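Participant: Build me a structure from this.
(chains A and B)
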2 protein chains.
Amino acid sequence: MRKVALVGVGLTKFTKADISLEVLMLSAIKSLFEDTRNLTQKDVSVVLTSTSDNSKYLSSIVSELAGLTPKISHSVESLCNSGANSAVSAFAYIASGLGDVALVVGAERFDSPGRVLEWDKSRGQYKHPIYWSSMFTKAHMRKYGTTKEDLAIVSAKNHKNATANPYAYFEKEYSVDEVMRSKNLTEEIRLLDCSLPCSGSTAILLTSEEIAKKYTDCPVWITGIGQKTISAGFTKNTDLTTMKSTIHAATDAYKMSKTPPSGVDVAEVHDAFTICEIIELEDLGFAKKGEGRHYVKNSYETQDRKINPRGGLIGAGHPLGATGIAQIAEIVQQLQGRAEKRQVQNAKVGLIQNMSAAATSSTVLILQS
Amino acid sequence: MRKVALVGVGLTKFTKADISLEVLMLSAIKSLFEDTRNLTQKDVSVVLTSTSDNSKYLSSIVSELAGLTPKISHSVESLCNSGANSAVSAFAYIASGLGDVALVVGAERFDSPGRVLEWDKSRGQYKHPIYWSSMFTKAHMRKYGTTKEDLAIVSAKNHKNATANPYAYFEKEYSVDEVMRSKNLTEEIRLLDCSLPCSGSTAILLTSEEIAKKYTDCPVWITGIGQKTISAGFTKNTDLTTMKSTIHAATDAYKMSKTPPSGVDVAEVHDAFTICEIIELEDLGFAKKGEGRHYVKNSYETQDRKINPRGGLIGAGHPLGATGIAQIAEIVQQLQGRAEKRQVQNAKVGLIQNMSAAATSSTVLILQS
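Facilitator: Presented below is the predicted three-dimensional model:
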């Protein structure tokens, strides 16, 4: 298998703007070209778009608008986990030798049809993601004694981290008390426990090992990949205190990269809701089961930015198809030592965890400088 | 690069039925499991769905319904060329070593939102594909003297071939005269010059070389892959008598497989409209430029089934996301010698050409037994 490098990122500010998907993607592609040394349009042999929008033929439209004429070009959809899926596809194209330079761009509009899980008959009328997160929260509270204050600390920490991210949707800090006093949406969940669907786009560039140094002095290598789909709905979910698909994906990714959880210096995890980050810290092996909340509290108190340095989905916003790409872009910048105020010192190994729909599917990637 | 085999197919009848996309796909998956020796649900590590429907999280939904829990799972969209794109993705996953057994299933409903090209501003109000095909037809008539009768022969031939295909939408023959007397839709195009969007699904199974023989005695190898996206709209189209993206894709596919056009025994080409098959025969190197119509006439008169033995899109119907997969499934059956009444004798090398939106993008695959 050929080695695959990440060599450039294209970032845009996440907003609530009523901007077309094509224009959002073009902005990220423009930023990517500005970020990547020596990159010309004719170099790009793979263009993958990632979105849950209803657009058709999007990768070709965006390619034409950006002056690209790739060999391989299509759109990838797997809800909130579309971004990491498209990055893994790009990896496969390069590793197999079918492509050499792959541009992956994710985008979503604030009003994406992917926000509500209309297809999941097992949820009855409870199709908004807030309901599954409430069930996860209640289950974790019962089994491990996690409290509403523990949840609020996740949100306060990620909003604080986001203040150092110029591309984040949210721009101000919220105290733990402010999070706890935000609007009650269900018995377990308040407004500031939730990530916010928004408009935004992020792009990344992947290349084969042979040509990576043409585009950057500091390529970042994808050394571990794990993916798992358990189901699509709640019917197969027997334990709501854990994310089974994430455990499968993490096990495979750690094995492929020969990296233990303790070897990870910085991570972007999928905090669609505050409870998610707590469970993920446990399922990714960063904390023992039931102790995720202590890990978060310690990070908040010591201002440790290891987990979700860009603010996660809660602080940065959650444009569905862009989220996995934005997580990867953050880890690339961290491992290249150019994350500015967000920089985790001496970060050499990074992790991304991206998931969909109550963690019925997950992707875990390990990146190394 | 690891070798990749096609080892099984799952076929369903193409109809106008008002059936959900998930049920269509399940039917094809059931047929695939019946077709493939020793295949169990836990073997499948990659599930890709191909469609232009607005469904979300489709690959996970279909996986759950079919009892599959793959590692890699997402949906691929590139309009009418989605099917071949998803097959190439599956190839890349296996060739790179990320997966060993990939199930690719394409489906569409008769009322797919992909039927009309709403996104193409360069078409003005002429967003139905009939308008680009009329322009191609007029241009080819002017330059090469192609006639309405030449077009009608394509349709008569493909409808005749489809009568030997139990899964085809159309079940009866049409004479050249009947085609010519069918309803005029534009100055150049009559109803029976067009393929018909319909409901249908097809599945294929791809594996690595090491395990192919577990599932079939006659694996079919993907030996050539070519893909190209020129644009998304008409703005870049300077010559309407040729399909530039198909020429690029064919050149790469022939080169990769070390096969000349003369080495191809059987081919499925994308006859969205009658003019398409004529142009494609020329651009794929089966006929000299301007002589595609003579090639078709000779095939019709001699009852040669080399081109579109299952009836093509015109005879079999055109469920967008399924079409590329159905083309591949036909060539697999031909190269395995089990195409029954459609069998092309001694077929060893097959070709698939699948394209989107006025051939702004194309995929060409070479398959060998």
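Participant: what number of residues lie near A:Asn184?
Facilitator: 11 (other Cβ atoms under 10 Å in any protein chain shown). The C-beta positions use only the backbone N, C-alpha and C, and glycine is treated the same way.
Participant: give me the element the residue nearest in space to the middle of chain A is part of.
Facilitator: Centroid check for chain A by Cα atoms, centre = their mean gives A:Gly324 as the closest residue, at 3.2 Å. Here A:Gly324 sits within helix A:320-335, counting by DSSP states H and E.
Participant: after that helix, next one along is what?
Facilitator: Toward the C-terminus from helix A:320-335 - assigned by DSSP H and E - lies strand A:349-356.
Participant: Buried residues, the helix or strand following that following strand. List them.
Facilitator: Going down the chain from strand A:349-356, the next helix or strand is strand A:361-368, by DSSP H and E. Residues A:361-368 are the ones in strand A:361-368 that count as buried (16 or more other Cβ atoms under 10 Å in any protein chain shown).
Participant: same deal with stretch A:176-186?
Facilitator: So, applying 16+ other Cβ under 10 Å, buried residues of stretch A:176-186: A:176, A:179-180, A:182, A:185-186.
Participant: In the stretch 251-369 of chain A, what residue comes closest to chain B?
Facilitator: A:Ser361 (5.5 Å; Cβ to the nearest Cβ).
Participant: Just the pLDDT at the nearest residue to that residue once chain neighbours are set aside, thanks.
Facilitator: Leaving out its chain neighbours, the residue that sits closest to A:Ser361 by Cβ to Cβ, 6 or more residues apart in numbering or on different chains is A:Thr229, at 4.1 Å. pLDDT, A:Thr229: 97.
Participant: Surely A:Thr229 touches B:His74?
Facilitator: No - assessed by Cβ atoms under 8 Å, A:Thr229 is found out of contact with B:His74, at 9.1 Å.
Participant: Neighbour count for these two, which is higher?
Facilitator: Ranked by neighbour count (other Cβ under 10 Å), A:Thr229 and B:His74 place B:His74 first, with 33 against 28.
Participant: Now do the strands in the stretch 151-300 of chain A.
Facilitator: A:200-208, A:220-229, A:266-268 (DSSP state E, counting those that start in this stretch).
Participant: Out of those, which one sits most buried?
Facilitator: Of all the strands of the stretch 151-300 of chain A, strand A:200-208 has the most neighbours on average by mean count of other Cβ atoms under 10 Å in any protein chain shown, namely a mean of 30.
Participant: From A:Ser369, how far off is A:Cys218?
Facilitator: 7 Å (Cβ to Cβ, to the nearest Å).
Participant: Give the residues shared as contacts by these two.
Facilitator: A:335-336 (Cβ atoms under 8 Å, 6 or more residues apart in numbering or on different chains).
Participant: Can you convert the buried residues of strand A:361-368 into a markdown table and add a column each for pLDDT?
Facilitator: Converted to a markdown table, the buried residues of strand A:361-368 look like this (pLDDT from 0 to 100):
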| residue | pLDDT |
| --- | --- |
| A:Ser361 | 97 |
| A:Ser362 | 98 |
| A:Thr363 | 98 |
| A:Val364 | 98 |
| A:Leu365 | 98 |
| A:Ile366 | 98 |
| A:Leu367 | 98 |
| A:Gln368 | 98 |
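Participant: Now for the residue nearest to A:Met256 when sequence neighbours are not counted: which residues touch it?
Facilitator: Once flanking residues are discounted, A:Met256 sits nearest to A:Gly224: 4.5 Å by Cβ to Cβ, 6+ apart. By Cβ under 8 Å, 6+ apart, the contact set of A:Gly224 is A:252-257, A:259, A:364-366.
Participant: for the closest residue to A:His248 other than its chain neighbours, what are its contacts?
Facilitator: Computed as Cβ to Cβ, 6+ apart, the closest residue to A:His248 that is not its neighbour in sequence is A:Lys228, at 3.7 Å. By Cβ under 8 Å, 6+ apart, the contact list for A:Lys228 reads A:244-246, A:248-249, A:252, A:361-362, B:69-71.
Participant: What confidence value was assigned to the most far-flung residue of chain A relative to its centre?
Facilitator: Within chain A, the residue lying farthest from the chain centre (Cα atoms, centre = their mean) is A:Lys42, at 28.6 Å. Here, the pLDDT recorded for A:Lys42 equals 97.
Participant: quick one: the strand or helix carrying A:Leu48 to strand B:220-229, angle?
Facilitator: A:Leu48 is part of strand A:46-50, with elements assigned from DSSP H and E. In terms of direction (axes from the mean of the first three to the mean of the last three Cα atoms, to 10 degrees), strand A:46-50 departs from strand B:220-229 by 80 degrees.
Participant: Sort out which residues of strand A:46-50 are buried, please.
Facilitator: A:46-50.
Participant: quick one: the helices in chain A?
Facilitator: Using DSSP state H, the helices of chain A run over A:21-35, A:58-65, A:82-96, A:129-144, A:148-162, A:176-180, A:209-215, A:244-257, A:274-283, A:292-302, A:312-316, A:320-335.
Participant: what's the closest of those to B:Asp35?
Facilitator: helix A:82-96 (25.7 Å; Cβ to Cβ).
Participant: what number of residues lie near A:Gln41?
Facilitator: Based on other Cβ under 10 Å, the number of other residues close to A:Gln41 is 14.
Participant: A:Asp35 contacts A:Val7, correct?
Facilitator: No - look at A:Asp35 against A:Val7 with Cβ under 8 Å: they stay out of range, at 9.2 Å.
Participant: number of nearby residues for A:Asp217?
Facilitator: A:Asp217: 9 neighbours (other Cβ under 10 Å).
Participant: let me fix that: A:Gly124
Facilitator: A:Gly124: 9 neighbours (other Cβ under 10 Å).
Participant: measure the residue lying closest to A:Ile19 once chain neighbours are set aside to chain B for me?
Facilitator: Of all residues beyond its chain neighbours, the one nearest A:Ile19 is A:Ser199 (5.8 Å), with distances taken as Cβ to Cβ, 6+ apart. Computed with Cβ to the nearest Cβ, to the nearest Å, the distance linking A:Ser199 and chain B is 18 Å.
Participant: how close does A:Ser199 get to A:Ile61?
Facilitator: Applying Cβ to Cβ to A:Ser199 and A:Ile61 gives a distance of 17 Å.
Participant: repeat for A:Asp53
Facilitator: 12 Å.
Participant: so where's chain A uncertain?
Facilitator: Nowhere does chain A drop to pLDDT under 70.
Participant: from memory A:Ile222 sits against A:Phe91, does it?
Facilitator: Yes - if you go by Cβ under 8 Å, A:Ile222 and A:Phe91 touch, sitting 5.6 Å apart.
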